[in-house]
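S.K.: got a structure for you, letters missing:
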C-alpha cells in the first residue's frame, strides 16, 4: 500500500503545476471579515482566511459544515507552523479582556470529511502544539493561536493532514455555531524543496547532449529526501529520489517509485568506462561526486540507468534559486 501511495504522489508531482502549491505566507488575512449571518453582538469565532478574493469563509463560499483553510510551509530547524485567528465582533472591540479556550476536535474533521468526501488525517498529537487559550485584549478584535508543527518520527510527509480546531468556550460572548470550528489543511515542505537551475551533460550512446540552465522543481519526499527530475527526462517520467545525509552531505540516489529506467546507479568516482564507456564532455564534470553543499544549496550529481544500448548517465550541478 505504501508503494501505491507514493506512486500516486509521483504521478501528481509529474502532472501538476507544482509551484502553485507554494504560499509565501503562513498568516491568515488580518482584515476584519464581513461575516454573514451575525444577528447578535458579542460573537466569538475564528477569523476568515483569504480575503474577499480568496473564497474564504464569510465571503459567500463557506465549506460545509465548517470553514477550511490551506497552508503550505517549510520546516525550519524541524519546526514551522501557522496561525489561527480568534475574532470578537461583529462591531467594536472587546469590552474587557476575553479569554478564549481552544482544543483539537477530531469529530469536527470526521464531519468535514463525510460532508466533503475527503480523507484528511488528523496529525499525531506529538507533531503539533498550540496554546489551550488566548486573550483578546480589551478594545481589540483578534488574538492569534500559533500552531507549531514538528516533523518527528510520527510525521508522514506524504499524508494529507488537516488540524481541526474548536473554540470550546469564552469568558465573554457566544461562540459561533458555524465558525467556532475550522479545518486547517496543511502541507509541510522540507528545507530542500524549491526551484532549481541545472547545468551539466547527459551521456547517451546515440543522443548525447548538454543540459543548460534547465529549470527544475524539487518536491519533498520525506524529511531529508526530495524528488528530482533525472537530466532532462522528467516529461517522460524519469524521476529520482535524492536523500541527503545531514551529517556528511553525501547523497543516496535511487529511482522514484514508478519512475522510468529504474533502477538508477550512482557513479561517484567517475563515468562508466564500458558499455559503451564515456569520457568527460564538459568543464565541471569532475565536481559531480554525489554530494550536497548546504552553504550554496547545490547538488553535484552523477548517476544513470542501463538502457537497451548501454548506460545513460547524467552529470549535473543543480542549484536552488
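M.R.: Perfect, I can see it now. A quick note: this is a predicted structure, and the numbers were derived from the prediction, not measured.
S.K.: Helix or strand: which one has the nearest residue to residue 284 once chain neighbours are set aside?
M.R.: Residue nearest to residue 284 in three dimensions, not counting chain neighbours: residue 317, with 6.0 Å by Cβ to Cβ, 6 or more residues apart in numbering. All C-beta spots, glycine's among them, are computed from the backbone N, C-alpha and C. Residue 317 belongs to strand 310-320 when assigned by DSSP states H and E.
S.K.: Domain parsing of the chain, as residue ranges.
M.R.: Domain assignment of the chain by automatic domain parsing yields the ranges 16-189, 194-320.
S.K.: Present the ones you listed as CSV; the columns should include mean pLDDT and mean neighbour count.
M.R.: Output for these, formatted as CSV (pLDDT from 0 to 100; neighbours: other Cβ atoms under 10 Å):
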stretch, mean pLDDT, mean neighbour count
domain 16-189, 80, 17
domain 194-320, 97, 17
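S.K.: what's the spacing between the residue nearest to residue 284 and residue 218?
M.R.: If you measure residue 317 against residue 218 using Cβ to Cβ, to the nearest Å, the figure is 14 Å.
S.K.: same deal with residue 139?
M.R.: In this view, residue 139 and residue 218 are 47 Å apart by Cβ to Cβ.
S.K.: likewise residue 85?
M.R.: For residue 85, the distance to residue 218 (Cβ to Cβ) stands at 32 Å.
S.K.: go on, residue 311?
M.R.: For residue 311, the distance to residue 218 - Cβ to Cβ - is 24 Å.
S.K.: Residue 94 too?
M.R.: From residue 94 across to residue 218, the span is 46 Å (Cβ to Cβ).
S.K.: before we move on, what about residue 280?
M.R.: Taking Cβ to Cβ as the criterion, residue 280 is separated from residue 218 by 25 Å.
S.K.: now residue 224
M.R.: Distance, residue 224 to residue 218, by Cβ to Cβ: 12 Å.
S.K.: who touches both of the two?
M.R.: residue 192 (Cβ atoms under 8 Å, 6 or more residues apart in numbering).
S.K.: coming back round to it: what's the strand holding residue 317 packed up against?
M.R.: strand 194-203, strand 209-222, strand 298-307 (3 or more Cβ pairs under 8 Å, 6 or more residues apart in numbering; DSSP states H and E).
S.K.: ok now the first one, how far from the chain's centre?
M.R.: Pointing back at strand 194-203 there. 22 Å (Cα atoms, centre = their mean, to the nearest Å).
S.K.: In its sheet, which strands sit next to it, and in what direction?
M.R.: Here strand 194-203 is paired, per DSSP bridges, with strand 209-222 (antiparallel), strand 310-320 (antiparallel).
S.K.: what about the helices in the protein?
M.R.: For the chain, helices defined by DSSP state H occupy the ranges 2-15, 106-116.
S.K.: need the strands paired with strand 194-203 in a markdown table with distance to residue 293, can you?
M.R.: Compiled in a markdown table, the strands paired with strand 194-203 are given as follows (distance: least, Cβ to Cβ, whole Å):
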| stretch | distance to residue 293 |
| --- | --- |
| strand 209-222 | 15 |
| strand 310-320 | 9 |
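S.K.: For residue 264, which of those strands is the nearest?
M.R.: Proximity to residue 264, assessed across the strands paired with strand 194-203 by Cβ to Cβ, is greatest for strand 310-320 (9.6 Å).
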